[in-house]
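J.: Got a predicted structure here, sequence first:
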Amino acid sequence: MTDLRSWLQHASAQLNVISDTPALDAQVLLADFLQQPRTWILAHNEEILNTQLETALNEALSQLVKGMPLPYLIGHWEFFGLDFAVTPDVLIPRPETELLVETALEWLQDHPQRRLAADVGTGSGCIAVSLAKQVGDLSVTAVDISRQALDVATQNVAAHAVEDQVRLVQGSLMQPLQGRFDLICSNPPYIPSEKLAGLAVAKHEPHLALDGGADGLNAIITLLNDAPRVLAPGGLMLIEIESSQGEAVLDLAHEILPKYLARVLPDLAGLPRLLCMENED
Ligand SMILES: C[S@@+](CC[C@H](N)C(=O)[O-])C[C@H]1O[C@@H](n2cnc3c(N)ncnc32)[C@H](O)[C@@H]1O
């Protein structure tokens, strides 16, 4: 007979080889299987696992050890304090992207008359939904080229009851956007193709979400070129970037949009992460 604590120890030891957070991963998996909060698991770690559940958990554990990302295995993941459905058709929301949401929210707070936003490359919808949940009068048009990703986003928009605020549209980058937007957010695919080939994420997460072309900048360049058509005067555009792209994107922003005020903000690790451009016209 195995109690929760022993199973957690066993799982943690197995996950140690593939994860930086093995104990946490084991707790999240067990909590998901038992449909209990993680705090409950820790408070009840002497409970005995039934054999059927233990077999299923060990099967899930072996998939994790083989490299299956935990969010895909359990089918959901937390972003900005909210729970989002995820499937292998969408990028797993990353903590780095919370910087974009925080920056957007600060700007929205300072600009209460600016309530038309776009989220370009919405994936699971995590950015659009997080913004809509925080700012009740915000209207967000969320675009993705992938029908499958939009299906997941539709699920998340409904689960968080923001159907009145978030409109999902299929299309390429900002092409489907008509009129001007006060705030444009995008976490586009930005990993250089060659680099991507050697990364573990490429095995499980959609290439469409990650591959930014030879230098990783394809989508970013298109967004910058299209900004004058779509970003309202006085508006803000936020684009998440790869940490190595800080200087390159600033050069591009100055070259393509010389009249915009451009700066790059660092993430919590101090790495360049967010290109911010204000249309001061
Ligand atoms: C890095 S993921 C970001 C997903 C989500 N916004 C997030 O932050 O977790 C990029 C997203 O852009 C979408 N995408 C890729 N190329 C696109 C294009 N040309 N037009 C619109 N969306 C695109 C992908 O399908 C993917 O969902």
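T.: Thanks, I have the structure now.
J.: Where do the helices of the protein begin and end?
T.: Ranges of helices in the chain, per DSSP state H, are 4-15, 22-34, 38-43, 51-65, 70-74, 98-110, 126-134, 147-159, 193-197, 201-204, 207-210, 218-230, 246-256.
J.: just those helices: most buried one?
T.: helix 126-134 (a mean of 25; mean count of other Cβ atoms under 10 Å). Yep, even glycine has a C-beta here, placed from its N, CA and C like the rest.
J.: Work out the gap between that helix and the centre of the chain.
T.: Centroid separation between helix 126-134 and its chain, computed with Cα atoms, centre = their mean, to the nearest Å, is 11 Å.
J.: likewise stretch 107-123?
T.: The answer for stretch 107-123 is 16 Å, by Cα atoms, centre = their mean.
J.: Would you mind listing the buried residues in it?
T.: Neighbour-count burial for stretch 107-123 flags W107, L108, R114, R115, L116, A117, A118, D119, V120, G121, T122, G123 (criterion: 16 or more other Cβ atoms under 10 Å).
J.: My read is that the last one contacts L150, right?
T.: Going back to what we said before, that points to G123. No: here G123 does not reach L150: they are 9.2 Å apart, not a contact under Cβ atoms under 8 Å.
J.: can you state the direction angle for whichever strand in the chain runs longest and helix 126-134?
T.: Among the segments of the chain that qualify as a strand by DSSP state E, the longest is strand 231-240. Relative orientation of strand 231-240 versus helix 126-134 (axes from the mean of the first three to the mean of the last three Cα atoms, to 10 degrees): 120 degrees.
J.: Near the closest residue to S193 other than its chain neighbours, how many other residues are there?
T.: Of all residues not flanking S193 in the chain, D211 sits nearest, at 5.5 Å (Cβ to Cβ, 6 or more residues apart in numbering). Neighbours of D211 under the rule other Cβ atoms under 10 Å: 20.
J.: per-residue confidence at the closest residue to E47 other than its chain neighbours?
T.: Distance criterion Cβ to Cβ, 6+ apart; nearest residue to E47, sequence neighbours excluded, is L4 at 5.3 Å. On pLDDT, L4 comes in at 97.
J.: what's the spacing between L4 and the ligand?
T.: 32 Å (Cβ to the nearest ligand atom, to the nearest Å).
J.: In contact with that residue, which residues?
T.: L30, I41, H44, N45, E46, E47, L49 (Cβ atoms under 8 Å, 6 or more residues apart in numbering).
J.: Cross-check the contact I'm expecting between the second one and A31.
T.: Yes: proximity of I41 to A31 meets the contact threshold set by Cβ under 8 Å, at 5.1 Å.
J.: any idea how far the nearest residue to E194 once chain neighbours are set aside is from S124?
T.: For E194, ignoring the flanking residues on the chain, the nearest one in space by Cβ to Cβ, 6+ apart is A214 at 7.6 Å. Separation of A214 from S124 (Cβ to Cβ, to the nearest Å): 27 Å.
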